[in-house]
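K.L.:
predicted model and sequence follow; I will ask about them next.
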Number of protein chains: 2
Amino acid sequence: MPTESRALSRVDGPNNQLLGSLDPDVYRRLASQLELVPMIRDQSICLPGSKLSHAYFPVSCVISLVHMLEGGATGESAVIGNEGMLGVAIFTGGYTMATEASVQIEGNAYRVSAEALMDEFNRSESTRNHLLRYTLALFAQTSQTAVCNRHHSVQQRLCRRLLLTLDRLPGNELHLTQEQIAITLGVRREGISEAASRLQSVGLITYKRGKITVLDRNGLEAYACECYQVVKEECERLENTPALPRKQHPYSVERRRRVRPPPPEVTRLPRH
Amino acid sequence: MPTESRALSRVDGPNNQLLGSLDPDVYRRLASQLELVPMIRDQSICLPGSKLSHAYFPVSCVISLVHMLEGGATGESAVIGNEGMLGVAIFTGGYTMATEASVQIEGNAYRVSAEALMDEFNRSESTRNHLLRYTLALFAQTSQTAVCNRHHSVQQRLCRRLLLTLDRLPGNELHLTQEQIAITLGVRREGISEAASRLQSVGLITYKRGKITVLDRNGLEAYACECYQVVKEECERLENTPALPRKQHPYSVERRRRVRPPPPEVTRLPRH
DNA sequence: ATGCTTATGTGACCGAGCGCACAGACAGCC
DNA sequence: GGCTGTCTGTGCGCTCGGTCACATAAGCAT
């Protein structure tokens, strides 16, 4: 990870991986324009439809892209942490996003003006490659979430969501309330309460008033739906240049009625 | 819409809007490389993980991006028609997609090799702008679908899906079976049967063995969830250069518990 | 301590949509 | 014509998660 800039070396935590993947000279130019800003919990970085003045590269915070429907129902389309950035809409055109971006877990982020980012984007193919690869990873995450929301249980999605957050932070503690999780998963707070209680009773996590501690990461993966692995693998694949070949997926919609895949091995907890 | 190429003027139906939005000289160069290919129903254009050799610009067909989960459950993340293209993964890096793309409604499409498309993408900022704007529109659609899947009824989503398809085709007939729709919405075929039957009984549509005729487009919009309008408006906004300002969205997750938005006006059909 | 606010636990009831198991009905083909 | 495969309609029991309505508890300020 580059550490050229004095401003950047102030940070004690890990840096942002997407920034770190840029070519050294690009990074050097950008570094002089980066500001380290504190991101406070539940802060709305940008409301849906408002123009993005800056792109944010999380260092120790986690940002959630959330939709709110008429009537107040909510749902998240993607999580952003130190692997990526908030603001792909800047270089994909439009400067505005359809979703609200809010800080789910407090921490720091680097930010850079939309204009400076666009300059670099237009300046080199390599920079475009990195930023657009991340865009594709974000797309994959959103896309998987769409299907996950449709088919997986609250408990499975809770596990997935905890793991995704954990991957973006050091340590094994998450400062999250059940209400916050409920908003991202688009379910009732009580639903999270029940699912979390079950996970605690089998020793996967402990939690207490807004702090969740993951005790058994592997166990949590076993209870999560496949979506966690799918998203994670796609992210890792796209972080590498040139692209790694992707694992072939054995199923095809074309054959849905003919070749049914084998039933899944159910790894669900009993209700009580 | 440009009609420079002899090859292109053979088409009787409408051309592809994304192609048509490109600068005339870019379009001219691409046109010589475009092939008009027939897209047959349920054909899988690319399996998840396989490399995209071509980008496809639908003219009279509709393509669906579908996920299949372990166990065979399915769900669509986006619809692509003559407003856009299949293959944004080509220029966003990786050349491979995480989803399967299959032809939902037969017709024609232009295709161009991935390399030729990349050449143009790197050649001008204007071309990048157009292609990336469409990418953002696709992202917005996927993102909205994620939340829609979570909160809206089968009937609402059926209406949304019919309207999205209708927008991408001339006329008011859709060659779609209930089974195909069920796959995209990720529900049982029987569920579509019930919802469609209700829509027919109030005179919004008629249908018969794989052919759906929309009788009352406005009525259908009233029964659809908000997601249809949201996606449509975002697409229209992004088709214009420079970007039109986006309608401000009145809700904010930040305030979810404090300022509850007013309850929605329920425009749902009774179950029977 | 004494409250107050925020976070979490629980239970009763209900409804949309699922799985399953059929029964018709239409279209193409020999 | 009759056969066959595809498409559509219907009923029944079940379950997850939603709504509503509280109870409890942990942290914080005075």
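P.N.:
Arrived safely, thanks for sending. Here the structure is a predicted model, which is why all the values come from computation and not from measurement.
K.L.:
which neighbouring elements make contact with the helix or strand hosting A:Val26?
P.N.:
Remark: A:Val26 resides in helix A:24-31, with elements defined by DSSP states H and E. Packing partners of helix A:24-31 (3 or more CB pairs under 8 Å, 6 or more residues apart in numbering or on different chains; DSSP states H and E): helix A:17-21, helix A:114-123. Where C-beta positions appear, they are placed from N, C-alpha and C, glycine not excepted.
K.L.:
nearest residue to A:Leu132 other than its sequence neighbours?
P.N.:
Spatial nearest neighbour of A:Leu132, chain neighbours left out: B:Thr92 (4.3 Å); criterion: CB to CB, 6 or more residues apart in numbering or on different chains.
K.L.:
which ones are touching that neighbour?
P.N.:
If you count contacts by CB atoms under 8 Å, 6 or more residues apart in numbering or on different chains, B:Thr92 has them with A:Leu132, A:Arg133, A:Thr135, A:Leu136, A:Phe139, B:Thr135.
K.L.:
re the thing from before, deepest in the core, which of the helices and strands packed on helix A:24-31 is it.
P.N.:
helix A:17-21 (a mean of 20; mean count of other CB atoms under 10 Å in any protein chain shown).
K.L.:
show me where chain A has its helices.
P.N.:
In chain A, helices defined by DSSP state H lie at A:6-9, A:17-21, A:24-31, A:88-91, A:114-123, A:125-151, A:154-167, A:178-185, A:189-201, A:217-223, A:227-239, listed in chain order.
K.L.:
A:Val214 pairs with what?
P.N.:
A:Ile205 (DSSP bridges).
K.L.:
wait, it sits on A:Ile205?
P.N.:
Yes: if you go by CB atoms under 8 Å, A:Val214 and A:Ile205 touch, sitting 5.4 Å apart.
K.L.:
how about CSV for the helices of chain A, with distance to DNA strand D and mean pLDDT added?
P.N.:
CSV is the format used below for these (distance: least, CB to the nearest atom of the strand, whole Å; pLDDT from 0 to 100):
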stretch, distance to DNA strand D, mean pLDDT
helix A:6-9, 32, 42
helix A:17-21, 32, 94
helix A:24-31, 36, 93
helix A:88-91, 29, 96
helix A:114-123, 36, 95
helix A:125-151, 9, 96
helix A:154-167, 4, 97
helix A:178-185, 8, 97
helix A:189-201, 4, 96
helix A:217-223, 13, 96
helix A:227-239, 14, 93
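K.L.:
re the thing from before, can you list residues touching both of A:Val214 and A:Ile205?
P.N.:
With CB under 8 Å, 6+ apart, A:Val214 and A:Ile205 have common neighbours A:Leu162, A:Leu220.
K.L.:
find the centremost residue of chain A, please.
P.N.:
The centroid of chain A falls nearest to A:Val79 when counting by CA atoms, centre = their mean (2.5 Å).
K.L.:
can you get me a residue count around A:Pro38?
P.N.:
Neighbour count for A:Pro38, taken as other CB atoms under 10 Å in any protein chain shown: 12.
K.L.:
which residues does it bridge with?
P.N.:
Note on A:Pro38: beta-bridge partners by DSSP bridges are A:Asn108.
K.L.:
quick check, pLDDT for it.
P.N.:
Looking at A:Pro38, its pLDDT reads 95.
K.L.:
close to DNA strand C: what parts of chain A are there?
P.N.:
Proximity of chain A to DNA strand C (CB under 7 Å from any atom of the strand) is limited to residues A:177-179, A:189-190, A:193-194, A:196-197, A:200, A:207-210.
K.L.:
can you list the domains in chain A?
P.N.:
A:15-152, A:153-224 (automatic domain parsing).
K.L.:
distance between the last one and the chain's centre?
P.N.:
Its chain's C-alpha centre lies 15 Å from the corresponding centre of domain A:153-224 when counted by CA atoms, centre = their mean, to the nearest Å.
K.L.:
same question for stretch A:86-103.
P.N.:
Centroid separation for stretch A:86-103 versus its chain: 14 Å, with CA atoms, centre = their mean.
K.L.:
only the C-alpha atoms, please, for it, written as CSV.
P.N.:
C-alpha atoms of stretch A:86-103 as CSV (Å, rounded to 0.1, in the frame of the first residue of the first chain):
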residue,chain,number,x,y,z
LEU,A,86,-18.8,6.0,-2.6
GLY,A,87,-19.5,8.0,-5.7
VAL,A,88,-19.1,5.8,-8.8
ALA,A,89,-21.9,7.9,-10.2
ILE,A,90,-19.4,10.7,-10.6
PHE,A,91,-17.5,9.0,-13.4
THR,A,92,-20.4,6.9,-14.7
GLY,A,93,-22.2,10.1,-15.5
GLY,A,94,-24.8,12.2,-13.9
TYR,A,95,-23.1,13.0,-10.6
THR,A,96,-26.2,12.0,-8.8
MET,A,97,-27.3,8.7,-7.3
ALA,A,98,-30.7,7.2,-7.0
THR,A,99,-30.0,5.9,-3.5
GLU,A,100,-29.2,7.5,-0.2
ALA,A,101,-25.8,6.9,1.2
SER,A,102,-25.5,6.9,4.9
VAL,A,103,-22.8,6.0,7.4
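K.L.:
without its sequence neighbours, what residue ends up closest to A:Gln155?
P.N.:
Spatial nearest neighbour of A:Gln155, excluding adjacent residues (CB to CB, 6+ apart): A:Ala195 at 4.2 Å.
K.L.:
A:Ile212 against A:Leu176, yeah?
P.N.:
Yes: using CB under 8 Å, A:Ile212 is in contact with A:Leu176, at 5.8 Å.
K.L.:
what's around A:Val154, how many residues?
P.N.:
Around A:Val154 there are 18 residues (other CB under 10 Å).
K.L.:
just checking, the residue nearest to the centre of chain A touches A:Leu162?
P.N.:
No: if you go by CB under 8 Å, A:Val79 and A:Leu162 don't touch, sitting 10.8 Å apart.
K.L.:
quick one, the helix holding A:Val26 and helix A:125-151 angle?
P.N.:
Going by axes from the mean of the first three to the mean of the last three CA atoms, to 10 degrees, helix A:24-31 is angled at 70 degrees with respect to helix A:125-151.
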